[in-house]
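Novice: Here is my input, please return the structure:
(one chain, ligands or ions: 1)
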Amino acid sequence: MFSQELKGKVALVTGGSSGIGKASALALARAGATVVVASRRTVEGEQTAHEIHERGGDAIFIKTDVSKSSDVKALVEKTVDTFGSLDYACNNAGVVMMGTLIETSEEDWNQIVNVNLKGTWLCLKYEIQAMQKQSKGAIVNIASGASIVGGAGYSIYSASKGGAIALSRAAALEYAKSRVRINAISPGPTKTLIWDSLPSDILTQFEAQLPIGRIGEPEEIAEAVVWLCSDKASFITGHNLVIDGGYTAQ
Ligand SMILES: NC(=O)c1ccc[n+]([C@@H]2O[C@H](COP(=O)([O-])OP(=O)(O)OC[C@H]3O[C@@H](n4cnc5c(N)ncnc54)[C@H](OP(=O)(O)O)[C@@H]3O)[C@@H](O)[C@H]2O)c1
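Specialist: Now for the predicted structure:
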């Protein structure tokens, strides 16, 4: 069942091919928005758009690598050319890699930072320009609880997400007068593919430490994405919303 809340609005979700991004794309569509799904994997990205169509919504997939400025520029241009505006963006694409800072190679650093931090900057850069033209917009950057508490064993990931939070705050200030609201969400451990590349016991260890007694579901992050985009959050900008079952409250 689709609501009217975001009807007539256009939302872009990076990393919409799986996990939190896919759940956010589906939730934005459920709220009535037309959704542009962007990621590198074509089959999975098309599948998200297909599921939105099946439920009566409108969506397209645009193959995008957020670490490449030409891809991100083309993504925003194609969104506006196709649908006439860009009202909301969820910059969610991200990668994780384990390793202490000594173990991390320059190549690993570049891979993590180019997607998680440079990718967020590139998305903001082109999305904000589109939103400025219409004098309104809302952006949600997906960071991580690892930006708030130290992440021993994944220090570069933590640094990239900490950078994304700092960038979100500064961007919110730079474009508040343009009526572009920019917020971040810092999820705690959430059930997605991102854990598949990590040692299997890590998620169990996190789960044991979560006050709420379980890890999160992607849909529990997606609901907050929709709310932060909507006019219900019209006075909120520069905020980092932590959604982690109480992990960082300890
Ligand atoms: N799950 C958690 O516990 C958790 C906790 C805190 C924060 N987060 C953050 O949540 C976000 C989503 O992760 P997830 O947990 O949902 O994992 P996921 O299912 O692996 O999703 C990651 C998404 O990022 C996309 N992506 C990766 N590199 C990309 C690139 N260069 N260009 C475009 N898209 C790219 C992937 O799509 P393609 O492979 O198709 O490109 C995929 O859709 C990430 O930023 C992650 O750091 C997750």
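
Novice: Give me the three-state assignment for the residue lying farthest from the centre of the chain.
Specialist: Most distant from the centre of the chain: Ile102, at 28.3 Å, with distances by Cα atoms, centre = their mean. Of the three states, Ile102 takes coil under DSSP: H, G, I helix; E, B strand; the rest coil.

Novice: Can you give me the pLDDT of it?
Specialist: Looking at Ile102, its pLDDT reads 97.

Novice: and what of Phe2?
Specialist: Phe2 is assigned 67 on the pLDDT scale.

Novice: Let me see the ranges of the helices in the protein.
Specialist: 19-30, 42-54, 69-83, 106-113, 119-133, 155-175, 201-209, 218-229 (DSSP state H).

Novice: helices or strands next to the fifth one in the packing?
Specialist: Put plainly, it is helix 119-133. For helix 119-133, the packing partners by 3 or more Cβ pairs under 8 Å, 6 or more residues apart in numbering; DSSP states H and E come out as strand 10-14, helix 69-83, strand 88-91, strand 137-142, helix 155-175, strand 180-187. Heads up, the C-betas are built off the backbone N, CA and C, glycines and all.

Novice: mind listing what the nearest residue to Arg181 once chain neighbours are set aside touches?
Specialist: Of all residues not flanking Arg181 in the chain, Thr237 sits nearest, at 4.1 Å (Cβ to Cβ, 6 or more residues apart in numbering). Neighbour list for Thr237: 172, 176, 181-183 [criterion: Cβ atoms under 8 Å, 6 or more residues apart in numbering].

Novice: how about these, which pair is most distant?
Specialist: Ala176 and Asn183 (11.6 Å; Cβ to Cβ).

Novice: Pick out whichever of the two has more residues nearby.
Specialist: When Ala176 is set against Asn183 and neighbours are counted by other Cβ atoms under 10 Å, the residue ahead is Asn183, at 23 against 13.

Novice: who's that one bridged to?
Specialist: On the basis of DSSP bridges, Asn183 is bridged to Val140.

Novice: thought Asp108 was touching Ile156?
Specialist: Yes. Counting by Cβ atoms under 8 Å, a contact exists between Asp108 and Ile156, whose distance comes to 6.8 Å.

Novice: circling back to that earlier point, common neighbours of Ala176 and Asn183, please.
Specialist: Common neighbours of Ala176 and Asn183, using Cβ under 8 Å, 6+ apart, are 237-238.

Novice: Quick check: residues of the protein near the ligand?
Specialist: By the rule Cβ under 6 Å from any ligand atom, the part of the chain lying against the ligand is 14-15, 17-21, 39-41, 44-45, 64-67, 92-96, 115, 142, 144, 187, 189-190, 192-194.

Novice: From these, list the buried ones, please.
Specialist: Applying a neighbour-count criterion of 16 or more other Cβ atoms under 10 Å, the buried members of these are 14-15, 17-21, 39-40, 44-45, 64-67, 92-96, 115, 142, 144, 187, 189-190, 192, 194.

Novice: Excluding chain neighbours, what is closest to Arg214?
Specialist: The shortest distance from Arg214 to any non-neighbouring residue, by Cβ to Cβ, 6+ apart, is to Glu207 (6.5 Å).

Novice: Could you do Lys63 as well?
Specialist: Thr42 (5.6 Å).

Novice: Show me what counts as buried in the helix or strand of the chain with the lowest mean pLDDT.
Specialist: Ranked by mean pLDDT, DSSP states H and E, the helix or strand of the chain with the weakest confidence is helix 201-209, at a mean of 88. Buried residues in helix 201-209, counted by 16+ other Cβ under 10 Å: 203, 206.

Novice: got a list of contacts for it?
Specialist: Helix 201-209 is contacted from outside by 98, 188-189, 195, 213-215, 247, 250, using Cβ under 8 Å, 6+ apart.

Novice: Pick out the residue closest to the middle of the protein.
Specialist: Note on the chain: the residue nearest the mean C-alpha position is Asn92, at 1.9 Å, using Cα atoms, centre = their mean.
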